[in-house]
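Engineer: following is a predicted model, sequence given first.
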Amino acid sequence: MRTPKTIFILLCILLFQSCTEDVDFDQIDDASIQTSYKLSLVYVDFEAPDFLNIQNQEIPYTFDLIQTTVEDSSQDYLEKIEITVITENTFSRPFTCQFLMYNAEGKTIYSLQPEVVIEPNSIENTTILEIPQEDLHFLFEAAAYGFIFELPPSANQINSTTIGTLSFKSSMELFFNFNNQ
Amino acid sequence: MRKLIIIWSLLVTTINYAQNKQLLYGFDELPQTLLLNPGAEVSYKTHVGMPLLSGIHLQGGFSGFSAYDIFKDDGVDVNIKIRNVVDQFGTQEFVSFNQQLEVINAGFRLPNNSYLSFGYYQETDFIGRIPKDMVDLFYHGNTIDKVYSFNKFGLRADVTGVLHVGISKKINNKWQVGARAKIYSGVANARAKIKSGDFYTENGNQNVYNHHLDNVDLYFQSSGIILDDYDDVETSFYTKKLLFGGNLGLGIDVGFTHHLTKHWEITGSVLDFGFISNSKETESYTVKGDYQIEGINLFFDENNPQDYWSDLEDDFNSKVVTDTIYSSYTSLKPIKFNGAITYSFGKPRTDDCRFQTEFNVFTNRLGFQLYSTLGEINSQIAATLFYERRINKNIRVKATYTADSFSYKNIGLGVSTKIGAFNSYLLVDNLLNMNNVYNAKSASIQAGINLIFNNKN
């Protein structure tokens, strides 16, 4: 009977000894995975005719629109969005650029600040804009996203003989914080 | 609630691995060994498994890390521990879960001395293969110029009812062979695999970044999962499917036992060589193509406004083509191979009449087992050293040491008791983690109760 007793004792040791070491599952409350994703956004290359009307007069602004909605499934974890704008302007006049968000009725609900100022004859210039967390809900409420290039009053207006380009590139970085809060 | 779900998920994924049943294979002539080797030798006259209690099997695992790696109470910031497990994540890791519940299991000896066994069990099986690049992309974001390959991703999930009947026949004193026919009734099946597909981001020319989706080729197949209306689905919908109202299939197991000498024997089996024809509630997708984008090129043409987003979707869909297929498909069961060589030695101290009908009565069995499974998502191999001992006429134990993809230190122990006709067994592995179950990457437990009647019962 010695062997069965030994087996029995071994089983008891194996099965009934302390089955865990100290763990703290409440640490999940402090866990967060912070990550970011970089995405290209919009780009455009303007030349002089793009800023002239049919009478070859300089227009005060030009405007374009992307109509879509953004799924809000990730909204809880999105902390902020950084928009990087890279411009290069060989015109001798300045421009400003604005990002706008519109609701389904076409009403402006958000204007990203500050507007991007593009200096005359500026070589590659980078501007970083931020949509803070408290404003992110506009992104998901919007039904269209607008881009306005304004031509402020200038002594060097564009005409049909002006040679120059305005290059506009943009990207965004989405900053997520996946946590248990 | 979310915390509970996360903890539950971690615990579930840390208590199991694939379907290797190294402790049960060849152990103590248990009726359940016939399910692992239909050519196994059994010496009893008849057996009846306790309905719903004759075979309960849970097995699961995650090769990546354990719950203890993250939740140990060591004062280290949990986010540092998460970063460590992400950094140590292998090129590809596996998560698996297998559950079997025997509903009926019975057998009896035929006049020609063959043993006929039959029954019905329900099985849930899941395996997923996760490539590190997918984890890196989620955890670190998209790093410029880093190529993320998803071609190792795959998953398979099955819920099946299996009706089986098998026979184990003694050919001569050296050979015993057996076969088992199976009818599968598939409740639900899902398979997904990314055959190829890379994603990377590089600095662009026209815009800041240029994103590439290269050589995408993936499929997802499902049956019994995507339904027209989930509101009307009741439990009976699934129970009917378990009882042959589902997608039907056929399979076969074959096996043998060969006595090389009085002391040496080899055994082997091939299990689940079969298929299920999925024809009910099927929905499949294939996605193929390449895509490259630097962003949206705006035109600022008031006279010709563009629907940029719609155009982008159309362009994407034309280059990365998704086909939805509603036709039936055939899913193969992962084939399992078992093999063992055994050396038996030592006469029992009490050679009671209960064991006298057995082929050779020895107290000890020492051996080596190999297990492998071949599947489209994942193939695995495991090697086991075992020692089995008859303690007395009532108790037999088996100890195993197993090396597999998940661990090189898996120690298991099984105990089978027979008191009269009443047999019970309990098989547990990964005992080295018993002192801290949270540190186990895999584990399995099998238990059951049978009534076994010998000639003299």
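Structural biologist: Yes, it's here. These numbers were taken from a predicted model, which means no experiment stands behind them. Numbers count the residues shown, from 1 in each chain, chains lettered A, B, ... in the order given.
Engineer: give the contact list for B:Leu35.
Structural biologist: B:Gly55, B:Tyr121, B:His164, B:Arg180, B:Asp253 (CB atoms under 8 Å, 6 or more residues apart in numbering or on different chains). Placement of C-beta: from N, CA and C, glycine included.
Engineer: just the buried members of the residues you listed?
Structural biologist: By neighbour count, with 16 or more other CB atoms under 10 Å in any protein chain shown, the contacts of B:Leu35 hold B:Gly55, B:Tyr121, B:His164, B:Arg180, B:Asp253 as buried.
Engineer: which non-adjacent residue is nearest the fourth one?
Structural biologist: So the one you mean is B:Arg180. B:Gly166 (3.1 Å; CB to CB, 6 or more residues apart in numbering or on different chains).
Engineer: quick check, B:Thr373 in a strand?
Structural biologist: Yes. Applying DSSP: H, G, I helix; E, B strand; the rest coil, one finds B:Thr373 inside a strand.
Engineer: hmm, back to that, show me the contacts of B:Leu35 that map onto strands.
Structural biologist: B:Tyr121, B:His164, B:Arg180, B:Asp253 (DSSP state E).
Engineer: for B:Val86, see how far away B:Ser66 is.
Structural biologist: Going from B:Ser66 to B:Val86 by CB to CB, to the nearest Å gives 14 Å.
Engineer: who's in contact with the closest residue to B:Asn278 other than its chain neighbours?
Structural biologist: Leaving aside its chain neighbours, B:Asn278 sits nearest to B:Ser223 (3.7 Å; criterion: CB to CB, 6+ apart). B:Ser223 makes contact with B:Gly186, B:Ala188, B:Asn189, B:Ala190, B:Asn247, B:Asn278, B:Ser279, B:Lys280, B:Glu281, B:Thr282, B:Glu283, B:Tyr329 under the criterion CB under 8 Å, 6+ apart.
Engineer: for the fourth one, what are its contacts?
Structural biologist: Read that as B:Ala190. B:Leu155, B:Arg156, B:Ala157, B:Phe220, B:Gln221, B:Ser222, B:Ser223, B:Ile225.
Engineer: of these, buried ones?
Structural biologist: The buried subset of these - by 16+ other CB under 10 Å - is B:Leu155, B:Arg156, B:Ala157, B:Phe220, B:Gln221, B:Ser222, B:Ser223.
Engineer: so the fourth one touches B:Tyr285, yeah?
Structural biologist: Just to be clear, that refers to B:Phe220. Yes. The criterion here is CB atoms under 8 Å, and B:Phe220 meets it with B:Tyr285 at 4.7 Å.
Engineer: that's a helix at B:Ile70, yeah?
Structural biologist: Yes. Assignment of B:Ile70 by three-state DSSP places it within a helix.
Engineer: how about the helices in the stretch 151-300 of chain B?
Structural biologist: Assigned by DSSP state H, counting those that start in this stretch, the helices in the stretch 151-300 of chain B fall at B:235-240.
Engineer: what's the burial count for B:Ser442?
Structural biologist: 28 (other CB atoms under 10 Å in any protein chain shown).
Engineer: typo on my end, B:Thr402
Structural biologist: Applying other CB under 10 Å, we find 25 residues neighbouring B:Thr402.
Engineer: can you name the next helix or strand after the strand or helix carrying it?
Structural biologist: Remark: B:Thr402 resides in strand B:395-403, with elements defined by DSSP states H and E. Using DSSP H and E, the helix or strand that follows strand B:395-403 in sequence is strand B:410-419.
Engineer: neighbouring strands - and their directions - for that following strand?
Structural biologist: Using DSSP bridges, strand B:410-419 pairs in its sheet with strand B:395-403 (antiparallel), strand B:422-428 (antiparallel).
Engineer: just the pLDDT for A:Leu14.
Structural biologist: Per-residue confidence at A:Leu14 stands at 58 (pLDDT).
Engineer: cool, and B:Thr350?
Structural biologist: For B:Thr350, the model assigns a pLDDT of 49.
Engineer: name the residues of the strand holding B:Thr402 that come out as buried.
Structural biologist: So, applying 16+ other CB under 10 Å, buried residues of strand B:395-403: B:Ile395, B:Arg396, B:Val397, B:Lys398, B:Ala399, B:Thr400, B:Tyr401, B:Thr402.
Engineer: between those residues, which is closest to A:Glu130?
Structural biologist: A:Glu130 lies nearest to B:Thr402 out of the buried residues of strand B:395-403, by CB to CB, at 54.5 Å.
Engineer: spit out the contact partners of the closest one.
Structural biologist: By CB under 8 Å, 6+ apart, the neighbours of B:Thr402 are B:Asn20, B:Gln22, B:Ala382, B:Ala383, B:Thr384, B:Leu385, B:Asn410, B:Ile411, B:Gly412, B:Asp429.
Engineer: I'd like the next helix or strand past the helix or strand of chain B with the lowest mean pLDDT.
Structural biologist: In chain B, no helix or strand scores lower on mean pLDDT, DSSP states H and E than helix B:2-13, which sits at a mean of 41. Sequence order places helix B:33-36 as the next helix or strand after helix B:2-13, per DSSP H and E.
Engineer: okay, buried residues for that next one please.
Structural biologist: B:Thr33, B:Leu34, B:Leu35, B:Leu36.
Engineer: also stretch B:431-446?
Structural biologist: Going by 16+ other CB under 10 Å, stretch B:431-446 has these buried residues: B:431-434, B:436-446.
Engineer: ok so, going back, which of the contacts of B:Leu35 scores worst on pLDDT?
Structural biologist: B:Gly55 (92).
Engineer: which parts of the stretch 1-150 of chain B are helices?
Structural biologist: So, for the stretch 1-150 of chain B - with DSSP H, counting those that start in this stretch - the helices run B:2-13, B:33-36, B:67-71, B:78-87, B:132-140.
Engineer: likewise for chain A?
Structural biologist: Assigned by DSSP state H, the helices in chain A fall at A:2-16, A:136-141.
Engineer: quick one: B:Ala382 and chain A, what's the gap?
Structural biologist: 22 Å (CB to the nearest CB, to the nearest Å).
Engineer: flag the least confident of the contacts of B:Thr402.
Structural biologist: Per-residue pLDDT puts B:Asn20 lowest of these, at 78.
Engineer: in chain A, which helix or strand is least confident?
Structural biologist: Min over SSEs of chain A, mean pLDDT, DSSP H and E: helix A:2-16 (a mean of 60).
Engineer: would you mind listing what in the stretch 51-200 of chain B touches chain A?
Structural biologist: Counting by CB under 8 Å from any CB of the partner chain, the residues of the stretch 51-200 of chain B close to chain A are B:67-68, B:70-73, B:77-79, B:82, B:138-142, B:144.
Engineer: which of those residues are buried, as a PyMOL select command?
Structural biologist: Selection of buried members from those for PyMOL, criterion 16+ other CB under 10 Å:
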select buried, chain B and resi 67+68+70+71+72+78+79+82+139+141+142
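Engineer: determine which two of the residues of the stretch 51-200 of chain B next to chain A are furthest apart.
Structural biologist: Across those (CB to CB), the longest gap, 38.5 Å, separates B:Asp73 and B:Ile144.
Engineer: give me the element the residue with the largest distance to the centre of chain B is part of.
Structural biologist: Distance from the C-alpha centroid of chain B peaks at B:Asn303, with 61.5 Å (CA atoms, centre = their mean). In this structure, B:Asn303 sits in neither a helix nor a strand according to DSSP H and E.
Engineer: how far away is it from chain A?
Structural biologist: From B:Asn303 over to chain A (counting by CB to the nearest CB), the distance is 10 Å.
Engineer: I'd assumed B:Tyr44 was in contact with B:Asn454.
Structural biologist: Yes. With contact defined as CB under 8 Å, B:Asn454 reaches B:Tyr44; the gap is 5.0 Å.
Engineer: these two: which is more packed in?
Structural biologist: Neighbours were counted for B:Asn454 and for B:Tyr44 using other CB under 10 Å; B:Tyr44 has more, 23 against 19.
Engineer: was I right to think that one contacts B:Glu29?
Structural biologist: Yes. Assessed by CB under 8 Å, B:Tyr44 is found in contact with B:Glu29 at 7.1 Å.
Engineer: what bits of chain A have low per-residue confidence?
Structural biologist: Filtered on pLDDT under 70, chain A yields the residue ranges A:1-21, A:181.
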